[in-house]
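Colleague: Output the structure for:
(chains A and B)
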Amino acid sequence: MVSTALATSIVLAALALTSAYGLDAVWIPAGAILFLATLWLAGQSIKGTAYRGWMSWVVVGLFIVVAVAGAWLDLSPLLLTIGLTATVSAWDLDYFARQLNGVDRVVESRKLTRRHLQRLLIVDGVGLLIAVLALNVQIRLSFAPALGLGLIALLGLIRVIDFMRRKSSVIGGDE
Amino acid sequence: MRRLLWLGGLAYVLLLAGLAVTRGTVLALVLPLLIYLFAALVRGPDELQLRATRALSDERVSRGKPVTVELSITNKGTDLEMVRVEDVLPDQLEVIEGHSSLLTSLGRGETVTLKYRVQGDRGDVTLHKVRVRASDALGLFCREVVLETRQRLMILPQAMKLRRVGIRPRRTRAYAGPVPARQGGSGVEFFGVREYQVGDPLRWINWQVSARHPPSVFTNEFEQERITDVGLILDARHRTDIQGPDGALFEHAVRATASLADAFLSGGNRVGLLIYGGFLDWTFPGYGRLQRERMLRALAGAETGESRVFESLDYIPTRYFPAKSQLVLISPLCEEDLPTLVRLRARGYQLMITSPDPIAFEARSLEPDAAVSLAVRIARLERRLLLRQLQRAGIRTVDWQVDTPFDLAIHTSLSRQPHWFRAVGIE
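Modeller: Sure thing, here's the model as predicted:
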């Protein structure tokens, strides 16, 4: 179930990003995206967890760069957002699959997987919905408010990191 | 790089970039990432309140015998969405059935049980760590604790059943046993003839001798059989150990010691054990099953060690062993040991050396070529010379090729050869 969802996410991410570039006839990045997606999918069949982990980090990083570059080039924002969301989902599922494979036994594996997929679908749906809403609500900012927002974001980040430190004894997964 | 930092950092960089270039599309791209982070943050695990209990099917087993381990983790805190439990096993143990780690979700008050079977090599093993890692369903926020459940498992060396090992120390103890005491009295083996004394059984009268020396009457005496003090000394010096492809030579020495201890204790003797290596590990002499258990436990934890003080056998503490008692040294031996052993013999100890052959052991793992076979030949000659010098000093030696059964080796070496064998120089 996880591997199917993972493959679907990779394909969806690749198709969305490729379509975004393809619609504007920017073929080289589109080809590169397809190549990377193929590499990532092929990497799933390799048993070595370390290789798979490394591969997912590289491809996800490149996909996000491609998505941001697409935004810079004024490509279809909806497709870019879908592509980015699917990329994050694939990254999550890849980690989850490695978690499942990394232990000797998984208690109630189907229940655990189903719950994880449900949670991920909800998060993706909400994320996508808010992003689409944000794309349709245009607020023009001059430099000063943008700077102000940046400062608020900086302060917010410091608070968030502090909160995360208290919340988590080990921050993040074991990558 | 950690997932959370990576994702958080990326979201932040995109946010700043979006603000810097004042592009709404870039900012919109950040939103799914922020929602993902927020969802993980909300569902992250609180302080872990877990209790671990571990039960072993047996706390002492022989080498190779499986033990069932049952580990239960109970969640006393809030619900945990994804928990990875790993029973951290020492290197000596190998899981042969079941699993020692699992992934599950654990609600408040719920218990998860890991059941598996392990087996391992000789050793005094302590299972004490259980690593638990809990995270939110998306795996971003983790908490890890190491729970302590100390459980000791003794994997004892296998003691082979030996037929009677013949020893003749100069001094025995007062109680009846299997060791010839060099004293006349009641027994089985003929010891000598003495004048008849009132109370001697008539069937002990030696009529032939009495007829030759009238009017005196003579009776036969038999050699008394008693128990004795036996001191086992296991050589655990690192320098005498050899590592082969199938393990260390020291393991064979440990098994031989366990077998000898069993044999001597079965005969009712008072047996003590000294493990001479990095330090002195002394098991006080005793009798019976309890002593057997003590010695097996000491042997279970025996390891080779290196020490400048105990590099040679010079510092064997003879005070531990009663004067003129039987000492049994289990050692591959090295040339420098000869004077010490001769000195021990000169002090009146009856010394028997069981020596697992290090040359044959090492030669098995070497590629056979001319240089190796020459080296092996020279080393064999040196060893033979060493053993012969020990025998000349009155020390009994058992040269044990470890691929032959110990029982066979010890009986071949200790059985008395026919006179004509010895007359023509065959040992």
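Colleague: Torsion angles phi and psi at B:Y12?
Modeller: Main-chain torsions, B:Y12, degrees, to the nearest 10: phi -70, psi -40.
Colleague: anything in stretch B:104-122 near chain A?
Modeller: Yes: counting by C-beta under 8 Å from any C-beta of the partner chain, chain A has neighbours in stretch B:104-122: B:104-105, B:112, B:114. Where you see a C-beta, it was placed from the backbone N, CA and C, and this is true even at glycine.
Colleague: Can you measure across that stretch, start residue to end residue?
Modeller: One end of stretch B:104-122 sits 34 Å from the other (C-alpha to C-alpha, to the nearest Å).
Colleague: What residues sit buried inside it?
Modeller: B:104-106, B:112, B:114, B:116, B:118-120, B:122 (16 or more other C-beta atoms under 10 Å in any protein chain shown).
Colleague: What segments of chain A are helices?
Modeller: A:2-23, A:27-44, A:49-72, A:77-101, A:109-136, A:143-167 (DSSP state H).
Colleague: And the average pLDDT for the last one is what?
Modeller: This predicted structure assigns helix A:143-167 an average pLDDT of 75.
Colleague: And that helix, what does it pack against?
Modeller: helix B:3-21, helix B:24-42 (3 or more C-beta pairs under 8 Å, 6 or more residues apart in numbering or on different chains; DSSP states H and E).
Colleague: so how far is the last one from its chain's centroid?
Modeller: To tie it back to what came earlier, the one meant is helix B:24-42. 59 Å (C-alpha atoms, centre = their mean, to the nearest Å).
Colleague: What are the boundaries of the helices in chain B?
Modeller: Counting by DSSP H, the helices of chain B are B:3-21, B:24-42, B:207-212, B:249-266, B:288-300, B:337-346, B:358-363, B:370-392, B:406-414, B:419-423.
Colleague: Low-confidence regions, the chain specifically.
Modeller: Since no chain was named, I'll use chain A. Where chain A drops to pLDDT under 70, the residues are A:46-53, A:161, A:163-175.
Colleague: oops, chain B please
Modeller: In chain B, residues with pLDDT under 70: B:1, B:415-427.
Colleague: Give me the most central residue, it.
Modeller: B:A300 (3.5 Å; C-alpha atoms, centre = their mean).
Colleague: which ones are touching that residue?
Modeller: Contacts for B:A300 (C-beta atoms under 8 Å, 6 or more residues apart in numbering or on different chains) come out as B:122-124, B:154-157.
Colleague: rewinding a little: quick check: the farthest pair among the residues of stretch B:104-122 next to chain A?
Modeller: Using C-beta to C-beta, the residues of stretch B:104-122 next to chain A span at most 15.2 Å, a distance reached by B:S105 and B:L114.
Colleague: ok, the closest residue to B:A17 other than its chain neighbours to A:I28 distance?
Modeller: Residue nearest to B:A17 in three dimensions, not counting chain neighbours: B:V26, with 5.8 Å by C-beta to C-beta, 6 or more residues apart in numbering or on different chains. Per C-beta to C-beta, to the nearest Å, B:V26 is found 21 Å from A:I28.
Colleague: quick one, domains of chain A?
Modeller: As recorded under automatic domain parsing, the domains making up chain A are A:2-138, A:144-175.
Colleague: Of those domains, flag the one that's most buried.
Modeller: domain A:2-138 (a mean of 18; mean count of other C-beta atoms under 10 Å in any protein chain shown).
Colleague: So what's the gap between that one and the chain middle?
Modeller: On C-alpha atoms, centre = their mean, the centre of domain A:2-138 falls 5 Å from that of its chain.
Colleague: wait, B:R23 sits on A:A71?
Modeller: Yes: with contact defined as C-beta atoms under 8 Å, B:R23 reaches A:A71; the gap is 6.4 Å.
Colleague: Give the closest residue to B:G277 in space, chain neighbours not counted.
Modeller: Nearest to B:G277 is B:A236, by C-beta to C-beta, 6+ apart, at 2.8 Å.
Colleague: from the contacts of B:A300, which ones fall inside strands?
Modeller: B:123-124, B:154-156 (DSSP state E).
Colleague: contacting residues for A:A37?
Modeller: A:A37 neighbours (C-beta under 8 Å, 6+ apart): A:10-11, A:13-14, A:59.
Colleague: quick one: which two of the buried residues of stretch B:104-122 are the most distant?
Modeller: Longest span within the buried residues of stretch B:104-122, C-beta to C-beta: B:S105 and B:R122, 39.6 Å.
Colleague: Please name the residues that touch the spatially most central residue of chain A.
Modeller: Most central in chain A under C-alpha atoms, centre = their mean is A:V88, positioned 1.5 Å from the mean C-alpha point. A:V88 makes contacts with A:60, A:124, B:7, B:32-33, B:36, as judged by C-beta under 8 Å, 6+ apart.
Colleague: Next, the contact list for the residue nearest to B:G272 when sequence neighbours are not counted, please.
Modeller: Distance criterion C-beta to C-beta, 6+ apart; nearest residue to B:G272, sequence neighbours excluded, is B:P285 at 3.4 Å. By C-beta under 8 Å, 6+ apart, the contact set of B:P285 is B:229, B:231, B:270-272, B:291.
Colleague: One more: B:P358?
Modeller: With C-beta under 8 Å, 6+ apart, B:P358 has these contacts: B:240, B:242, B:249, B:332.
Colleague: Around the residue of the stretch 201-350 of chain B at minimum distance from chain A, count how many other residues there are.
Modeller: Taking C-beta to the nearest C-beta as the measure, the stretch 201-350 of chain B has B:G247 as its residue closest to chain A, at 27.0 Å. Other residues lying near B:G247 total 11 when counted by other C-beta atoms under 10 Å in any protein chain shown.
Colleague: same thing with B:G139?
Modeller: Number of residues near B:G139 (other C-beta under 10 Å) recorded here: 23.
Colleague: Then B:S373?
Modeller: 12.
Colleague: Could you do the one 10 residues further on as well?
Modeller: One way to gauge burial is a neighbour count; for B:R383, by other C-beta under 10 Å, it gives 20.
Colleague: Much appreciated, bye for now.
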